[in-house]
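Engineer: The following comprises the amino acid sequence and a computationally predicted model.
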Amino acid sequence: MPSVELSKIERSRPAARRAATAETAPPEAPWAELTARLEGPLVLPDDGEYDSARRVWNGTIDRYPAAIARCASTADAAAGIAFAREHDVLLAVRGGGHSIPGHSVCDGGLVLDLSPLDGVEVDAERRIARAQPGATWGILDAATAELDLATTGGQVATTGIAGLTLGGGLGLLMRRHGLTCDNLLAAELVTAEGELVRANEDENPELFWALRGGGGNFGVVTSFEYRLYPSEPIFGGFLVHDASRAGAVLRHWRDFVEDAPDALFSEAVVFRAPPEPPFPDELHGKPVVSIGPYWIGDQEEGERVLEPLRRFGPPDAELLWPMPYVHAQTIFTAPAGRLRYEKSDFLPELTDDAIDALLAASAGTEDSLSQIVLVHMGGAVAGIDPLATAFRHRDTRFFLTASTCWSEPGEGAARVAWARNVWEAARPWSRGVYVNFLDEDDDEDRLASAYGADTYARLVRVKDHWDPENLFRLNQNIKPSAEADRPREENP
């Protein structure tokens with residue numbers, strides 16, 4: 001693992017970071033001028049709320065922007081963009097602040113903080129939700145649930161809708177209704193030139209294509225419109241097995257989902273059971289493999305479909321229950337501020353050898369905060385034309401994540417090494433990466449593998465049109481043609 005990555009994670013830093021800010025901040029930037037342009041407040045380093053305002057979900061990210069614009073309107077977003085362009089200020093855009101590499105905050109530049117803009121309007125008759133970019137999935141799910149409607153969203157309620165949508169959007173409903181980006185009907189955004197434009201299938205269709213998977217490269221989205229569906233009940237939870245049977249359990253799960261109905265979302269997780277409910281006392285602290293099936297629809301039918309999973313083993317603990325969709329969306333919590341690291345890849349197939357390699361690599365799992373997660377893809381995700389959006393990996397079967405978090409800075413080296421070891425173990429079977437899970441340091445050269453050569457070239461053309469100067473570059477950056485170096489593609 002490159003030493004630079006560990007140094008970024010391990011250093012503790014206020015003095016060093018403040019010094020870096022002083023070196024990189026544009027001293028000539030007239031912040032008073034920006035303050036006068038904004039309806040919302042401009043938070044500066046001497047303000048009392050500055051330290052909390054600069055913090056993001058991933059606790060390894062500790063950056064000191066020169067200013068944070070707390071946007072109260074679309075006009076504020078446009079003012080911040082114009083100011084950054086006019087004064088050559090580095091611009092970071094924050095929605096939910098869940099960017100794994102911390103793109104939503106920067107050293108020495110301006111953070112355009114959209115989190116105050118979190119309104120959601122639901123048109124029940126047309127089955128459309130219109131949401132502002134600061135909304136989280138918890139906010140959107142709650143608003144749609146009031147009218148018994150839903151759309152595919154992130155499984156962590158505190159995740160922002162903006163970043164997840166623009167990168168693709170995996171979630172519980174994806175096999176039934178497609179990815180989040182597949183259910184995006186329209187978007188309004190402020191461009192690098194300060195123009196407010198609308199993109200959908202009829203207006204700026206090429207931009208609309210790029211927004212569905214191409215990330216935040218083309219402007220600041222200030223409004224998302226989503227297609228909604230009747231909210232169906234969920235029957236699911238956890239089937240927990242002692243890790244001594246992990247190989248057999250994962251093989252059975254893989255074979256079971258091969259012909260699974262689109263109404264079934266499922267994942268497998270390898271970890272240590274935490275010492276808390278709903279896990280029984282006899283499993284606390286033990287290595288386990290948990291199959292997480294979530295049936296969308298009638299419980300009786302779900303029980304029938306899940307019977308082969310429930311009787312295999314049988315599980316050491318069966319924790320299945322009926323729940324509304326909005327509750328299912330809150331099962332997976334990820335508290336802000338924890339030090340964390342994740343590596344991921346798409347797997348076209350989950351072979352016996354791949355399972356064995358992953359389980360061997362998981363041996364160093366120390367607690368429930370280090371997990372190997374395998375998500376079953378397919379269904380409606382695969383049923384959409386691969387050219388319809390910028391999300392490339394329609395035909396992949398599984399999505400792998402090695403995820404870890406820790407509380408003490410000194411633990412980082414071992415935790416990161418564990419996650420990278422798991423990821424490396426799966427590399428012979430992997431094909432491409434999910435853009436929302438790319439890491440800033442060691443994944444930059446893998447960006448093209450999130451798209452493929454043709455899609456990447458098309459994204460560059462859209463970038464050339466809407467942001468040729470690369471103002472929006474703190475993201476998984478699609479570089480305009482004027483910037484010569486191109487990420488190389490691997491595992492095409």
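Structural biologist: Done, it's in. Numbering: from 1, shown residues only.
Engineer: Skipping adjacent residues, who's closest to residue 280 in space?
Structural biologist: The shortest distance from residue 280 to any residue other than its chain neighbours is 5.3 Å, reached at residue 317 (CB to CB, 6 or more residues apart in numbering). Placement of C-beta: from N, CA and C, glycine included.
Engineer: wait, what's in contact with the one you found?
Structural biologist: Taking CB atoms under 8 Å, 6 or more residues apart in numbering as the contact definition, residue 317 lies against 238, 239, 240, 278, 279, 280, 283.
Engineer: and residue 86, how many residues sit next to it?
Structural biologist: Other residues within reach of residue 86 by the criterion other CB atoms under 10 Å amount to 13.
Engineer: Kindly apply the preceding question to residue 363 instead.
Structural biologist: Residue 363 is flanked by 11 other residues according to other CB under 10 Å.
Engineer: residues near residue 239, how many?
Structural biologist: 26.
Engineer: Please tell me which one of the contacts of residue 317 counts the most neighbours.
Structural biologist: The member of the contacts of residue 317 that has the most neighbours, counting by other CB under 10 Å, is residue 239 with 26 neighbours.
Engineer: Would you mind confirming that it makes contact with residue 318?
Structural biologist: Yes - judged on CB atoms under 8 Å, residue 239 makes contact with residue 318 at a distance of 5.8 Å.
Engineer: coming back round to it: any idea what the residue nearest to residue 280 is bridged to?
Structural biologist: Residue 317 forms beta bridges with residue 240, as assigned by DSSP bridges.
Engineer: pLDDT score assigned to it?
Structural biologist: pLDDT recorded at residue 317 is 95.
Engineer: Relative to residue 242, how far out is it?
Structural biologist: Using CB to CB, to the nearest Å, one gets 10 Å for the distance from residue 317 to residue 242.
Engineer: Equivalent analysis for residue 411, please.
Structural biologist: 26 Å.
Engineer: and for residue 239 and residue 318, which residues touch both?
Structural biologist: Taking CB under 8 Å, 6+ apart as the contact criterion, the common neighbours of residue 239 and residue 318 are residue 310.
Engineer: Spell out the residue ranges of the strands in the stretch 201-350 of the chain.
Structural biologist: For the stretch 201-350 of the chain, strands defined by DSSP state E, counting those that start in this stretch occupy the ranges 220-227, 229-230, 234-242, 264-272, 287-296, 317-323, 339-347.
Engineer: could you give me the average pLDDT of the fifth one?
Structural biologist: Yep, that's strand 287-296 we're talking about. Rounded to a whole number, the mean pLDDT of strand 287-296 is 97.
Engineer: what about that strand, distance to the chain center?
Structural biologist: Its chain's C-alpha centre and that of strand 287-296 lie 21 Å apart, by CA atoms, centre = their mean, to the nearest Å.
Engineer: in the stretch 301-450 of the chain, which segments are predicted with low confidence?
Structural biologist: 364-366, 440-445 (pLDDT under 70).
Engineer: one more time with 80, if that's ok
Structural biologist: Counting by pLDDT under 80, the low-confidence segments of the stretch 301-450 of the chain come to 333-334, 364-368, 439-445.
Engineer: In it, mark out all the helices, start to finish.
Structural biologist: Counting by DSSP state H, counting those that start in this stretch, the stretch 301-450 of the chain forms helices over residues 325-328, 352-361, 412-426, given from the N-terminal end onward.
Engineer: Could you do the stretch 151-300 of the chain as well?
Structural biologist: Residue ranges of the helices in the stretch 151-300 of the chain, as given by DSSP H, counting those that start in this stretch, are 161-167, 174-177, 205-211, 246-257, 299-311.
Engineer: just the CA coordinates of the shortest one, formatted as PDB?
Structural biologist: What follows is helix 174-177 as a C-alpha-only set of coordinates in PDB (Å, rounded to 0.1, in the frame of the first residue of the first chain):
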ATOM      1  CA  MET A 174     -33.000  -1.800  -7.700                       C
ATOM      2  CA  ARG A 175     -33.800  -5.300  -8.900                       C
ATOM      3  CA  ARG A 176     -37.500  -4.400  -9.000                       C
ATOM      4  CA  HIS A 177     -37.400  -0.800 -10.300                       C
END
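Engineer: Mind listing residues that contact that helix?
Structural biologist: The contact list for helix 174-177 (CB under 8 Å, 6+ apart) reads 151-152, 180, 183, 229, 262-265, 296, 376-381.
Engineer: Relative to residue 60, which of those residues is nearest.
Structural biologist: Out of the contacts of helix 174-177, the one with the shortest distance to residue 60 is residue 180. That distance is 25.7 Å, counting by CB to CB.
Engineer: can I assume residue 59 is in contact with residue 334?
Structural biologist: No - here residue 59 does not reach residue 334: they are 11.1 Å apart, not a contact under CB under 8 Å.
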